[in-house]
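Enquirer: just coords:
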């Protein structure tokens, strides 16, 4: 999943794989959220997960990334990851999960100081 074309494989498995393959893939990616979040192409992988996974799984995926600062901060401050970080926040806001927002508020200073992409995500946390 951390390879430049890994997100294509993830997307394809989510679109065409069996329910069992999808389940195993999603659980594996949830367990490795920090590693994926820190990789250059992690944002693409997360975006594939959040757009192609079954609707009931999207909240679990978003929560796995957002509740782990070592996964979320690199995504939120990166050019390829900030859009998927925003998508994860939208999903969590839609389900009313305020715990994650409260937790991420502690890292607002890091987001603001790191990059223009981090500032975009920090503004969403304020909203």
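Expert: Ah, there it is. Since the structure is predicted, the reported quantities are computational estimates derived from the model, not experimental observations. Numbers count the residues shown, from 1 in each chain.

Enquirer: pLDDT of the helix or strand harbouring residue 20, averaged?
Expert: In this structure, residue 20 is located in helix 19-31 according to DSSP states H and E. If you average the pLDDT over helix 19-31, you get 90.

Enquirer: Make 58 the first number, not 1, from now on.
Expert: Sounds good: first residue 58 from here, last item helix 76-88.

Enquirer: Name the next helix or strand downstream of it, please.
Expert: Tracing the chain past helix 76-88, the next element assigned as helix or strand by DSSP H and E is helix 90-95.

Enquirer: which helices and strands sit right next to the helix holding residue 77?
Expert: Judged by 3 or more CB pairs under 8 Å, 6 or more residues apart in numbering; DSSP states H and E, the packing partners of helix 76-88 are helix 63-73, helix 99-109, helix 112-123. (C-beta placed from N, C-alpha, C; glycine too.)

Enquirer: In a markdown table: those helices, plus mean pLDDT, mean neighbour count and distance to residue 180.
Expert: Compiled in a markdown table, the helices and strands packed on helix 76-88 are given as follows (pLDDT from 0 to 100; neighbours: other CB atoms under 10 Å; distance: least, CB to CB, whole Å):
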| stretch | mean pLDDT | mean neighbour count | distance to residue 180 |
| --- | --- | --- | --- |
| helix 63-73 | 85 | 16 | 26 |
| helix 99-109 | 87 | 23 | 18 |
| helix 112-123 | 89 | 19 | 16 |
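
Enquirer: Now render the ones you listed as CSV, adding distance to residue 132.
Expert: Compiled in CSV, these are given as follows (distance: least, CB to CB, whole Å):
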stretch, distance to residue 132
helix 63-73, 13
helix 99-109, 5
helix 112-123, 7
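
Enquirer: Tell me which of those helices lies nearest to residue 87.
Expert: Relative to residue 87, the nearest member of the helices and strands packed on helix 76-88 by CB to CB is helix 112-123, separated by 4.1 Å.

Enquirer: can I assume residue 127 is in contact with residue 95?
Expert: Yes: the pair residue 127 and residue 95 qualifies as a contact (CB atoms under 8 Å) at a distance of 6.9 Å.

Enquirer: now for the helices and strands packed on helix 76-88, which one comes closest to residue 139?
Expert: When the helices and strands packed on helix 76-88 are ranked by proximity to residue 139 (CB to CB), helix 99-109 comes first, at 7.2 Å.
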